[in-house]
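K.L.:
3D, please:
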Amino acid sequence: MYGLLLEGEREHELLGKAKLVAKVRTEPGYTLVDLDFYPALLVGGKIAVLGELYEVDKRTRFELDVHKQCPALFQRIKVTLEDGSEAETYAMQDEQVRGKRRIKHGSWRDRFQPRPRAAPGPMGEYAKKRWL
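P.N.:
Coordinates of the predicted model:
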């Protein structure tokens, strides 16, 4: 789980008594999108997405599918984790999220963190000297 189902997020209780197996990261090959109220994962891209791996029973999985409107809104897919193992999660299609902000660092929790400033280029250095 990579978004609102993470521990401490508003939909975490939907996991019921599911057991946290590990905090994980996907292999770089995905895109994480900010849809304002929730995130969406896309297959394809260059980002390793941070998440949590849970062991869920069939009933909880069914309830999550209903909540995620699977397969109408989200699709349940297999993703490859950085250790080469596979896990299931929910994803959207690129057409569903056109024009929405991509989260380049792959962490839903850190989506509001400021971006690191790039070092000024030659024109920035010139302007700085000129104004001082």
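K.L.:
and Met123, that's in a strand?
P.N.:
No. Counting by DSSP: H, G, I helix; E, B strand; the rest coil, Met123 falls outside a strand, being helix.
K.L.:
gap between the two ends of stretch 33-51?
P.N.:
Criterion C-alpha to C-alpha, to the nearest Å; first-to-last residue distance in stretch 33-51 is 14 Å.
K.L.:
let me fix that: stretch 81-100
P.N.:
First-to-last distance for stretch 81-100 - C-alpha to C-alpha - comes to 25 Å.
K.L.:
can you tell me the centre-most residue of this protein?
P.N.:
Leu32 (4.3 Å; C-alpha atoms, centre = their mean).
K.L.:
okay, and that residue sits in which element?
P.N.:
According to DSSP states H and E, Leu32 maps onto strand 30-34.
K.L.:
how about Arg109, what does it touch?
P.N.:
Arg109 makes contact with Leu6, Leu50, according to C-beta atoms under 8 Å, 6 or more residues apart in numbering. All C-beta spots, glycine's among them, are computed from the backbone N, C-alpha and C.
K.L.:
pLDDT value on it, please?
P.N.:
For Arg109, the model assigns a pLDDT of 88.
K.L.:
lovely, talk soon.
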